[in-house]
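> The sequence isn't on hand, but the structure is:
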């Protein structure tokens, strides 16, 4: 049993292929998928997919790229969407200093507001962190953001940052880059992260793992992420899949 903790089947790239993509995931042993919102539209679609597919769940939230577009009504709608039965997290939220599509101070404000909302709703958070490690760590400490758990998704920070985040109540999730030939740092992390704190994901349609690079990523390929991490840890795919799935079900409160 595999659990893709971060997918975007709510992305337009899957609009014409959604049933087939879900079927391929099931054939690959992927029993659970969390589709993660990044704006209001994608959050609505994630909720709808969760309603229509038994193994799919949803997270709702505003990505830092869109932070500058947020108004008070945005939070109201995210809160309303979060009441749906199969919404299991607020996300993806956080900071992105690589593209800087929204001013950094606005990104930080919207990040803090969504952490507050998640705490009010007693939901975990899914954090996007790109080239913003210091500020992400500072904010989650100040806001006590790990109160209901959370994920540093597609983690790209240091081992020291990972250690601090785990102490604050967060899981560390690894994606397709762990399969890349020269991704030595993330491969080292894959060996070091305690199994109790590890999750796996695709972040599809992005970051397609080996040996499928060049194709559109999809939840079925989370199997390749799991296989590579199992190899690095010198354990079996079955053990890695079982433990990471248990971790995800515990975090998201899925029976």
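Everything's here; your move. Model, not experiment: these values are computed from the prediction.
> Near residue 205, how many other residues are there?
Residue 205: 18 surrounding residues under other CB atoms under 10 Å. Just so you know, the C-beta spots here come from the backbone N, C-alpha and C atoms, and that holds for glycine as well.
> Going forward, count from 303.
In the new count, where the first residue is 303, that last one comes out as residue 507.
> Find the helix or strand that it is a member of.
Secondary structure assignment for residue 507, by DSSP states H and E: no helix or strand.
> Next one: it from residue 482, what distance?
In this view, residue 507 and residue 482 are 17 Å apart by CB to CB, to the nearest Å.
> Which strand runs longest in the chain?
As assigned by DSSP state E, the longest strand anywhere in the chain is strand 389-398.
> quick one: that one to chain centroid distance?
Centroid displacement of strand 389-398 relative to its chain, using CA atoms, centre = their mean, to the nearest Å, is 8 Å.
> Just give the strands next to that strand in its sheet, each with its orientation.
strand 358-362 (parallel), strand 427-432 (parallel) (DSSP bridges).
> Which residues does stretch 459-475 contact?
With contacts defined as CB atoms under 8 Å, 6 or more residues apart in numbering, stretch 459-475 is touched by 307-308, 429, 431, 435, 439, 442-443, 447-449, 451-457, 490-491, 494-496, 499-503, 549, 553.
> buried set for it?
459, 463, 464, 467, 468, 470, 471, 472, 473, 474, 475 (16 or more other CB atoms under 10 Å).
> Could you do stretch 342-357 as well?
Along stretch 342-357, these residues count as buried under the neighbour rule (16+ other CB under 10 Å): 342, 344, 345, 346, 347, 348, 349, 351, 352, 355, 357.
> So the fourth one sits against residue 382, correct?
No. Because the distance of 10.2 Å does not satisfy CB atoms under 8 Å, residue 346 is recorded as not touching residue 382.
> Model confidence for the nearest residue to residue 549 once chain neighbours are set aside, exactly?
Nearest residue to residue 549, sequence neighbours excluded (CB to CB, 6 or more residues apart in numbering): residue 501, at 5.7 Å. pLDDT, residue 501: 99.
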